[in-house]
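Colleague: predicted model, plus sequence, below.
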Amino acid sequence: MKEVWVVDDDRSIRWVLQKALQKANLPSRMFEGSEEVLEALKAESPSVLLTDIRMPGKTGLELLAEIKQQNHDFPVIIMTAFSDLDSAVSSYQGGAFEYLPKPFDIEKAIELIRRAVNESSEPEEEASPEEIAPEIIGKAPAMQEVFRAIGKLSQSSVTVLLTGESGTGKEVVARALHRHSPRGKREFIAINMAAIPRELMESELFGHEKGAFTGANSVRHGRFEQAEGGTLFLDEIGDMPFELQTRLLRVLSDGFFYRVGGHQPIKANVRVIAATHQNLEQMVREGSFREDLYHRLNVIRLRLPPLRERKSDIPLLVGYFLNKSAKQLNVEPKKVSKDSMACIESFPFPGNVRQLENLCNWLTVMAPAQMVMSSDLPEEFIHPEPLGQRLEPLSQLPGSTHEPVGQVVQDWQNILYDEVKTRLASNEPNLMKELSDSFEKTVLSAALAVTNGRRVEASVKLGIGRNTMTRKIQELNIDEKSMAR
């Protein structure tokens, strides 16, 4: 077993660490300065190096820089009695394994050293093909069905409807459908219906003529013209206003459209791929989505499975996202221990693949060592809360006058049922919209309160798109400032 090297000009620190390492059965070697270490490295290398920052001659950070420049790959732990932000940042930027401020608990220091030793002794694994250059990652049966569908559609330009929960990768699949189609060398234009104000959506899709409205100082080509010969991806199609659905239906039926304010028909040579996380059949029954448009879009339907239905793909996805994140930050990719991978695989992932990617980005930045242990995971992964325990009694929800109830999940539905019957008997107008808005506002307000007003985190927890969250906050007039702390 290789030695643990300690370099510190403080004799007492060297003595304490030497005795502690002996007691832990870890061979060690002590150095007074950086020059001694660099000379010793010409003949051998340690399993782990602990170095102080401030020393006569070369500092610990300068020593770390030379070690990295010489392409040594053993972990380096930086010690300092002068704990400040600049030192911590410089240590991590320089590639330190960990930053250890003095005075430190000797047992915790030995635990950290053991962890570094174990990581140093692990053999390097070659990246799998999926980690090197994937298009869509997935070996689970549910994903194989998706792959087969993309293959069957590769010689077709037929309209496709992608369904699935938010974060399942609908745009990734849409791009794959385009890339492997006869239109693959032409433009792929994506537009999210939930992200565009209603009053601008028609112009965004179809363009406008000069002078069509105030501010229209020139002709503007819409997304249909930009996607000429290629593919137009309409994401969150369920959020398209009803009146605009009529115009889209006409394009899909006749193959022509008009710019806003225009009188000349324009030929639409575009393949349309639509996507939604909403239940369009239910929206058709409720009258909020045109049935004829639904049938025009639903020529080929492809359902993308949520991550909980393809848990066997999680290790592949984790490996890919950790490598991707490390490449973006120009650092070594993290590895995940068996225990931490088991925790990740057991998590329900309401935000699906998008939430998993966010986790991997977080671990790349925040995990203290190259090997991610279960204790390094965010709290919700270590101690996940059952959904029912997070629900508040109905009496605590905004506008409620009911007494607290014991069985929250069942009782709020019973109370709502009675409330609806009472208000229907009173012939209240627009009841469906009023109750729906009230429900959505309550749910979004609760999510923002839990995340202290952080929109992205709230949207992930709810399993909805970030753009949908932003639009709903505006439409429902939710006060975010009162949520933040």
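Modeller: Structure received.
Colleague: state the phi and psi torsions of the closest residue in space to residue 32 that isn't next to it in sequence.
Modeller: Of all residues beyond its chain neighbours, the one nearest residue 32 is residue 9 (5.7 Å), with distances taken as C-beta to C-beta, 6 or more residues apart in numbering. The C-beta positions use only the backbone N, C-alpha and C, and glycine is treated the same way. The phi/psi pair for residue 9 (degrees, to the nearest 10) reads phi -80, psi -10.
Colleague: so residue 9 touches residue 34, yeah?
Modeller: No. Between residue 9 and residue 34 there is no contact, the gap being 9.7 Å when judged by C-beta atoms under 8 Å.
Colleague: common neighbours of these two, please.
Modeller: Taking C-beta atoms under 8 Å, 6 or more residues apart in numbering as the contact rule, the neighbours common to residue 9 and residue 34 are residue 55.
Colleague: who's more crowded, those two?
Modeller: Between residue 9 and residue 34, counting by other C-beta atoms under 10 Å, residue 34 is the more crowded of the two (23 against 15).
Colleague: disregarding residues adjacent in the polypeptide, which is nearest to that one?
Modeller: Nearest to residue 34 is residue 58, by C-beta to C-beta, 6+ apart, at 3.6 Å.
Colleague: pretty sure the one you found is in a helix, no?
Modeller: No. Using DSSP: H, G, I helix; E, B strand; the rest coil, the assignment for residue 58 is coil, not a helix.
Colleague: just the pLDDT at it, thanks.
Modeller: The score at residue 58 is 89. That number is its pLDDT.
Colleague: going forward, begin numbering at 20 instead of 1
Modeller: Sure, I'll start counting at 20 from here, so that last one is residue 77.
Colleague: check contacts around it.
Modeller: Residue 77 touches 52, 53, 54, 57, 85, counting by C-beta under 8 Å, 6+ apart.
Colleague: the first one reaches residue 26, doesn't it?
Modeller: So the one you mean is residue 52. Yes. In this structure residue 52 lies within contact range of residue 26 using C-beta under 8 Å: 6.7 Å.
Colleague: compare those two (neighbour count), which wins?
Modeller: residue 26 (24 against 17).
Colleague: mind checking pLDDT for the closest residue to that one other than its chain neighbours?
Modeller: Spatially, and ignoring its direct neighbours in sequence, residue 26 is nearest to residue 50 (4.0 Å; C-beta to C-beta, 6+ apart). Per-residue pLDDT puts residue 50 at 92.
Colleague: same check, this time on the one 5 residues further on
Modeller: Note on residue 55: pLDDT of 91.
Colleague: ranges for the strands of the chain?
Modeller: Remark: strands assigned in the chain by DSSP state E are 23-26, 47-50, 67-71, 95-99, 117-120, 179-182, 207-211, 250-254, 275-276, 285-286, 290-295, 319-322, 354-355, 390-391.
Colleague: out of the ones you listed, which gets the lowest mean score?
Modeller: Here the strands of the chain differ in mean pLDDT, and the lowest is strand 117-120 at a mean of 78.
Colleague: which positions in that one come out as buried?
Modeller: Of the residues in strand 117-120, 117, 118, 119 count as buried by neighbour count, 16 or more other C-beta atoms under 10 Å.
Colleague: including distance to residue 353, could those residues go into a markdown table?
Modeller: Formatted as a markdown table, the buried residues of strand 117-120 follow (distance: C-beta to C-beta, whole Å):
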| residue | distance to residue 353 |
| --- | --- |
| 117 | 13 |
| 118 | 17 |
| 119 | 19 |
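Colleague: let me know the closest of those to residue 399.
Modeller: residue 117 (24.0 Å; C-beta to C-beta).
Colleague: who does the closest one bridge with?
Modeller: residue 96 (DSSP bridges).
Colleague: what about this structure, any weak spots by pLDDT?
Modeller: Counting by pLDDT under 70, the chain has low-confidence residues at 101-108, 110-112, 139-154, 402-433, 499-504.
Colleague: separation between the nearest residue to residue 394 once chain neighbours are set aside and residue 356?
Modeller: With C-beta to C-beta, 6+ apart as the criterion, residue 394 has its nearest non-adjacent residue at 7.3 Å, and that residue is residue 401. According to C-beta to C-beta, to the nearest Å, residue 401 and residue 356 sit 13 Å apart.
Colleague: show me the contacts for the closest residue to residue 272 other than its chain neighbours.
Modeller: Spatial nearest neighbour of residue 272, chain neighbours left out: residue 315 (6.9 Å); criterion: C-beta to C-beta, 6+ apart. By C-beta under 8 Å, 6+ apart, the contact list for residue 315 reads 178, 268, 271, 272.
Colleague: quick one, what contacts the nearest residue to residue 172 once chain neighbours are set aside?
Modeller: Spatial nearest neighbour of residue 172, chain neighbours left out: residue 196 (6.1 Å); criterion: C-beta to C-beta, 6+ apart. When contacts are counted by C-beta under 8 Å, 6+ apart, residue 196 touches 169, 172, 179, 250, 292.
Colleague: farthest-apart pair in the residues you listed, please.
Modeller: Every pair of the contacts of residue 196 checked by C-beta to C-beta; the farthest is 169 and 250, at 13.2 Å.
Colleague: which one of those two has more residues nearby?
Modeller: The neighbour comparison of residue 169 against residue 250 (other C-beta under 10 Å) goes to residue 250, with 24 against 19.
Colleague: for the more buried one, give the beta-bridge partners.
Modeller: On the basis of DSSP bridges, residue 250 is bridged to residue 207, residue 290.
Colleague: that one against residue 197, yeah?
Modeller: Yes. Counting by C-beta under 8 Å, residue 250 touches residue 197, with 4.1 Å between them.
Colleague: shared neighbours of these two, anything?
Modeller: Jointly contacting residue 250 and residue 197 under the rule C-beta under 8 Å, 6+ apart are 207, 290, 292.
Colleague: most neighbours out of those, which is it?
Modeller: Top of these by neighbour number is residue 292, holding 28 neighbours under the definition other C-beta under 10 Å.
Colleague: please verify my assumption that it contacts residue 253.
Modeller: Yes. Residue 292 is in contact with residue 253 according to C-beta under 8 Å; the separation is 7.2 Å.
Colleague: quick check: the nearest residue to residue 352 once chain neighbours are set aside vs residue 214, distance?
Modeller: Distances taken as C-beta to C-beta, 6+ apart place residue 345 nearest to residue 352, at 3.7 Å, with adjacent residues excluded. Per C-beta to C-beta, residue 345 is found 30 Å from residue 214.
Colleague: same check on residue 319?
Modeller: For residue 319 relative to residue 214 (C-beta to C-beta), the value is 25 Å.
Colleague: what about the contacts of residue 315, which one has the most neighbours?
Modeller: The most neighbours of any of the contacts of residue 315, using other C-beta under 10 Å, belong to residue 271, which has 19 neighbours.
Colleague: contacts only, for residue 238.
Modeller: Contacts here follow C-beta under 8 Å, 6+ apart; on that basis residue 238 touches 226, 227, 228, 229, 278.
Colleague: identify the farthest-apart pair in these.
Modeller: Longest span within those, C-beta to C-beta: 226 and 229, 10.8 Å.
Colleague: list the contacts of stretch 357-376.
Modeller: 184-188, 325-327, 330, 333-334, 336-337, 340, 355, 377-378, 391-393, 395-396, 399-401, 403, 478-482.
Colleague: just to revisit the earlier point, which neighbours do residue 52 and residue 26 share?
Modeller: residue 74.
Colleague: residue contacts, the spatially closest residue to residue 280 that is not a sequence neighbour?
Modeller: The shortest distance from residue 280 to any non-neighbouring residue, by C-beta to C-beta, 6+ apart, is to residue 231 (2.6 Å). Counting by C-beta under 8 Å, 6+ apart, residue 231 touches 222, 278, 279, 280, 281.
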